[in-house]
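**Q** Predicted coordinates and the sequence they were generated for:
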Amino acid sequence: MAPEKILFICIHNSARSQMAQAYVNYFGKKKFTAQSAGLEPGKLNPIVVEVMKEDGIDISQNKTNSVFDFFKQGRKYNYVIAVCDKTAYEQCPVFPGIVTGGRLHWPFKDPSGLTGTYEEKLQNTRLIRDEIKTKVRQWLKSIKE
C-alpha cells in the first residue's frame, strides 16, 4: 500500500513546515510521507537546522519549495496542513490541488520572528520544535488508529 502523502505549508518554507515534514518522515516510516512548501520560498533558517540536528535529524540539505510549483506539477495529497501562526494565517498559502483526507491548520509561532540574543532565539526555537514534534506524534497516532 502506498504511503499517505502530507503537505505542510507556510509562508517561507524555512522553518515550521520543514520541521513538521522531517518529523512525519521520521515517525511515519512507510505509512506516511511528507513534503513542505511555501508561498514565498526563502532560505532554511540556520537556527532551525541546528535545533533539528540536536534532535538527531539533519535537514541541512533540504530545499525550500513553492506551493505553486507543486500545484502546477499536479501533485496530490491526502492531507494539507498549514503551520502559520494565527497572526499570519491570512497570508498562509493554500494548496488548490486535490486533497483527499483534509485540510488542517496547526498554528505555531514563526522562528524567523523571534527576537533577543542568539541563545534566546535558540532556546525559543527549541520550544517551537518540541511543540511541532509533539503535535506530529499525536496526530500520526490518532490517524493510525
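**A** Ah, there it is.
**Q** Quick one: low-confidence residue ranges for the protein.
**A** For the chain, the stretches with pLDDT under 70 are 87-94, 97-98, 144-145.
**Q** now the residue nearest to residue 28 when sequence neighbours are not counted, what's its secondary structure?
**A** Distances taken as Cβ to Cβ, 6 or more residues apart in numbering put residue 140 closest to residue 28, at 5.8 Å, once the chain neighbours are dropped. Every C-beta, even on glycine, is put in place using the N, C-alpha and C of the backbone. Three-state call for residue 140 (DSSP: H, G, I helix; E, B strand; the rest coil): helix.
**Q** and residue 140, what is it in contact with?
**A** Going by Cβ atoms under 8 Å, 6 or more residues apart in numbering, residue 140 touches 24, 27, 28, 32.
**Q** What separation do you get for the second one and residue 138?
**A** Read it as residue 27. 10 Å (Cβ to Cβ, to the nearest Å).
**Q** Who has more neighbours out of those two?
**A** residue 27 (16 against 9; other Cβ atoms under 10 Å).
**Q** burial of residue 60, as a residue count?
**A** Here the number of neighbours of residue 60 (other Cβ under 10 Å) works out to 12.
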